[in-house]
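> have a look; sequence and predicted model below, questions after that.
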Amino acid sequence: MEFELIGHEYIQLNQLLKLLGLVDTGGEANQRIVDGEVVVNNQVEYQKRKKLRTGDVVRFQRHVITIREA
């Protein structure tokens, strides 16, 4: 799956999960991140507001999301 950064330099990790519908709420996104369930660029990511930029790869459950420029 790909996510296009349209008109923005970055998107925050918790916002990405919510926007793509991978979680039901922002609170759930935050909890999943804090619990170590999200991997960014092959490392477990604990920062809820981690800034994702072009080229970053996010893994959550069975989903792999590549951030790309619009």
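It's in. Numbers count the residues shown, from 1 in each chain.

> tell me the contacts of I67?
2-3, 5, 11, 52-58 (C-beta atoms under 8 Å, 6 or more residues apart in numbering). C-beta here means a position set from N, CA and C on the backbone, and glycine is covered the same way.

> please report how far Q43 lies from K50.
Distance of Q43 to K50, given as C-beta to C-beta, to the nearest Å: 10 Å.

> for these two, indicate the residue with more neighbours.
Per other C-beta atoms under 10 Å, whichever of Q43 and K50 has more neighbours is K50, with 18 against 7.

> excluding sequence neighbours, find me the nearest residue to the more buried one.
Closest residue to K50 apart from its sequence neighbours, by C-beta to C-beta, 6 or more residues apart in numbering: L13 at 4.2 Å.

> any chance of a ChimeraX selection covering the buried ones in the contacts of I67?
Here is the ChimeraX command that picks out the buried ones among these, judged by 16 or more other C-beta atoms under 10 Å:
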select :3,5,11,52,56,58
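
> in strands, which of the contacts of I67 appear?
Among these, the ones falling in strands (DSSP state E) are 2-3, 5, 11, 52, 57-58.

> how about TSV for those, with pLDDT added?
Listed next are the ones in strands among the contacts of I67 as TSV, based on pLDDT from 0 to 100:
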residue	pLDDT
E2	96
F3	97
L5	96
I11	98
L52	98
V57	98
V58	98
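
> which among the residues you listed gets closest to Q31?
Using C-beta to C-beta, V58 comes nearest to Q31 of the ones in strands among the contacts of I67, at 16.4 Å.

> can you tell me the SS state at the nearest residue to I33 once chain neighbours are set aside?
Nearest-residue entry for I33: K48, 5.0 Å, with adjacent residues in sequence omitted and distances by C-beta to C-beta, 6+ apart. The three-state label given to K48 by DSSP: H, G, I helix; E, B strand; the rest coil is coil.

> surely K48 meets Q15?
No - K48 lies out of contact with Q15 (C-beta atoms under 8 Å); the separation is 9.5 Å.

> and the longest helix along the chain, what other elements does it pack with?
Longest helix in the chain, counting residues (DSSP state H): helix 26-34. Contacts defined by 3 or more C-beta pairs under 8 Å, 6 or more residues apart in numbering; DSSP states H and E place helix 26-34 against helix 13-19.
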